[in-house]
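Engineer: 3D, please:
(one chain, ligands or ions: 1)
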Amino acid sequence: MPQKVICRECGEVMYEGDLLRSPQDVIKKFEGKCPKCGKDLGFDGESVQVKPCKS
Ligand SMILES: [Zn+2]
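Structural biologist: Residues are numbered from 1 along each chain as shown. Prediction:
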């Protein structure tokens, strides 16, 4: 099932797609910060939310 990883702070979608990725991978890709609100996401995955995508 497609999933998306969003910032808990602002709701920015940081990853969306079929490929299952861990939140940590996505956070790493953005160097630990939300590209929109600049929140320091840390690397434990607690600052992001993983949700199923409904198309
Ligand atoms: Zn954000």
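Engineer: tell me the pLDDT of Asp40.
Structural biologist: pLDDT for Asp40: 96.
Engineer: gap between the closest residue to it other than its chain neighbours and Phe43?
Structural biologist: Excluding its sequence neighbours, the residue lying closest to Asp40 (C-beta to C-beta, 6 or more residues apart in numbering) is Lys33, at 5.9 Å. Bear in mind the C-beta positions are built from the backbone N, C-alpha and C, glycine included. Note on Lys33: its distance to Phe43, by C-beta to C-beta, to the nearest Å, is 11 Å.
Engineer: looking at these two, which one has more neighbours?
Structural biologist: Lys33 (15 against 11; other C-beta atoms under 10 Å).
Engineer: now do the more buried one against Pro2, distance only.
Structural biologist: In this view, Lys33 and Pro2 are 24 Å apart by C-beta to C-beta.
Engineer: for the residue nearest to Asp40, what are its contacts?
Structural biologist: Applying C-beta atoms under 8 Å, 6 or more residues apart in numbering, we find Lys33 in contact with 39-41.
Engineer: mind checking how far it is from Leu19?
Structural biologist: From Lys33 over to Leu19 (counting by C-beta to C-beta), the distance is 22 Å.
Engineer: which bits of this structure sit near the ion?
Structural biologist: 7, 9-10, 12, 34, 36-37, 39 (C-beta under 5 Å from the ion).
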